[in-house]
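K.L.:
Coordinates for the following, if possible.
(2 chains)
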Amino acid sequence: MAVKTQKKAGAIDMTAMCDVSFLLLTFFILTATAKQPEPLAVDTPSSTVQTKLPETGLATLTVGKGKVFFGLVDRDIRVRTLELMGQEYGVSFTEEEKTRFSLIDGFGVPIGSLKQIIAMSGSDRNKEGLQPGIPMDSIDKKKDELSRWIFNARSASAELKNTDLKFAIKGDAQLEYPAIKRVMDVLQDQDVNSFNLVTGLRGEDF
Amino acid sequence: MAELNTDDGGGKKGGKKVRSKKSNAKVDLTAMVDLAFLLITFFMLTTSLSKPQSMDLGLPDKQKENEPQDDIEVADNRTMTILLGENNKIKWYMGQFGAPLEGPSDSSYGKAGIRQEILSKVKSVPEATGDPKKGLIVIIKMDKKTNYKNMVDILDEMAIAKVPTYALVDITPDEKALLSK
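P.N.:
Numbering: from 1, shown residues only, chains lettered A, B, ... in the order given. The predicted structure is shown next:
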């Protein structure tokens, strides 16, 4: 007769494991940054280069569908840039508008309609086709708002952080070269010769 | 297993009250741990992947109109010019446009196309010049119809082949005519 040893169902104490996993979960949830909705969605091309974008002191120029959008990462620089732009174009912004503006990640409107955009709610603001892009004009310096935004953002960064603002260009893959070239020219006119191109990641086998 | 402590404190007075015997409430945490690890994995992956990659691009100072041009003389056998046109067209030649040392020939994007040519030139040019510091110089010229993806692709090829010097230069009318052929 074969003697069968009685087997118990292996009960493992999961309590500690559960504790640890939830601790980690909490950590990752808190450190994760929620993906912000973008006013101008672009499909970036991919590259094999793996340079990360700097996390602070960065201005992003989003180019796509013939429009250019401008965004700053740091909130204090956003406010200061708005003040400088307001002074230059004779538009005054209230404290509340400044606070609301400091929460906007990217925008693409002429300075005249900026107040309306600030007053809108986040979801209304990011509706596709609502914002016409920042005006560019290579002849009339006063109308070339993009270059003034860039200039004032750089002054604001120098004033507040004493650092050079870095620029990233986020272009749509199907964009034609002159559109990118125009933005690069605006930057180069201000002697910003080095910038990052935002790309996706891919392997070398393509 | 996790157990809820239902022990009633042991040696108290002999209970007059009749209590129903409670079994230890065991909660099976396995499913909960599974779920927690699934979520951890999700958050771990999304946090590291959501940061966009980028590519550095340095351009030379813009030539001011009233400043004298300072031309840098470069040996013909070191320069490779790559012309990019619409519909993913690539042409390349070595040396000067008027008297190319090689080419102009057609190519394509990707590892079977232009990459082989760039890689062979990256190797052969320092051998030809006899100085490892005098490597290949690639001049990238783009037509108006070239899309941005092609520009990033070709810059990517530069990074893959580790081309020491490359530049984005405006296209000349002659080269434009060559591309549209």
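K.L.:
From here on, just use CA atoms for contacts and neighbour counts.
P.N.:
Fine.
K.L.:
what pLDDT does residue 14 get?
P.N.:
You didn't say which chain, so I picked chain A. Here, the pLDDT recorded for residue A:14 equals 81.
K.L.:
you looked at the wrong chain, it should be chain B
P.N.:
At residue B:14, pLDDT is 49.
K.L.:
The one 4 residues further on now?
P.N.:
The predicted local distance difference test score for residue B:18 is 67.
K.L.:
Briefly note if the longest strand along chain B comes near chain A.
P.N.:
Ranked by number of residues, the top strand in chain B under DSSP state E is strand B:100-107. No - Strand B:100-107 stays clear of chain A (Cα under 8 Å from any Cα of the partner chain), getting no nearer than 14.8 Å.
K.L.:
what about stretch A:112-130, how long is it end to end?
P.N.:
15 Å (Cα to Cα, to the nearest Å).
K.L.:
re the thing from before, buried sites along the next helix-or-strand element following the longest strand of chain B?
P.N.:
Tracing the chain past strand B:100-107, the next element assigned as helix or strand by DSSP states H and E is helix B:114-129. Residues B:114, B:115, B:118, B:119, B:121, B:122, B:125, B:126 are the ones in helix B:114-129 that count as buried (16 or more other Cα atoms under 10 Å in any protein chain shown).
K.L.:
What is the next helix-or-strand element following helix B:114-129 packed up against?
P.N.:
Moving toward the C-terminus from helix B:114-129, the next helix or strand (DSSP H and E) is strand B:137-142. The helices and strands touching strand B:137-142, judged by 3 or more Cα pairs under 8 Å, 6 or more residues apart in numbering or on different chains; DSSP states H and E, are strand B:79-84, strand B:165-169.
K.L.:
Next, the angle from the longest one to strand B:165-169.
P.N.:
If I follow you right, that is strand B:79-84. Strand B:79-84 and strand B:165-169 are oriented at 40 degrees to each other (axes from the mean of the first three to the mean of the last three Cα atoms, to 10 degrees).
K.L.:
just to revisit the earlier point, any chance of the buried residues of helix B:114-129 in CSV with distance to residue B:158 as columns?
P.N.:
Formatted as CSV, those follow (distance: Cα to Cα, whole Å):
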residue, distance to residue B:158
B:114, 10
B:115, 9
B:118, 8
B:119, 9
B:121, 12
B:122, 10
B:125, 15
B:126, 16
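K.L.:
If we only consider the residues you listed, which is nearest to chain A?
P.N.:
The shortest approach to chain A among the buried residues of helix B:114-129 belongs to residue B:115, at 10.4 Å (Cα to the nearest Cα).
K.L.:
and the residue nearest to that closest one when sequence neighbours are not counted, how many neighbours does it have?
P.N.:
In space, residue B:115 comes closest to residue B:157 once its chain neighbours are excluded; the distance is 6.4 Å by Cα to Cα, 6 or more residues apart in numbering or on different chains. Neighbour count of residue B:157, defined by other Cα atoms under 10 Å in any protein chain shown: 24.
K.L.:
Just to be sure, residue B:157 is in a helix?
P.N.:
Yes - secondary structure of residue B:157 (DSSP: H, G, I helix; E, B strand; the rest coil): part of a helix.
K.L.:
And it, how far from residue A:11?
P.N.:
56 Å.
K.L.:
Spatially nearest residue to residue B:97, not counting backbone neighbours?
P.N.:
Spatial nearest neighbour of residue B:97, chain neighbours left out: residue B:175 (7.9 Å); criterion: Cα to Cα, 6+ apart.
K.L.:
before we move on, back to that, out of the buried residues of helix B:114-129, which comes closest to residue A:66?
P.N.:
residue B:114 (29.8 Å; Cα to Cα).
K.L.:
Now do the contacts for the closest one.
P.N.:
B:107, B:108 (Cα atoms under 8 Å, 6 or more residues apart in numbering or on different chains).
K.L.:
Show the pLDDT at it.
P.N.:
Value for residue B:114, per-residue pLDDT: 79.
K.L.:
What of residue A:185?
P.N.:
Note on residue A:185: pLDDT of 82.
K.L.:
Report how many residues lie close to it.
P.N.:
Neighbour number of residue A:185 under other Cα under 10 Å is 18.
K.L.:
check contacts around it.
P.N.:
Listed by Cα under 8 Å, 6+ apart, residue A:185 has no contact partners.
K.L.:
what about it, which helix or strand?
P.N.:
Secondary structure (DSSP H and E) places residue A:185 in helix A:177-189.
K.L.:
Check which strands are paired with whatever helix or strand comes next after that helix and give the direction for each one.
P.N.:
Next helix or strand after helix A:177-189 toward the C-terminus (DSSP H and E): strand A:194-201. Here strand A:194-201 is paired, per DSSP bridges, with strand A:46-47 (parallel), strand A:166-171 (parallel), strand B:53-58 (antiparallel).
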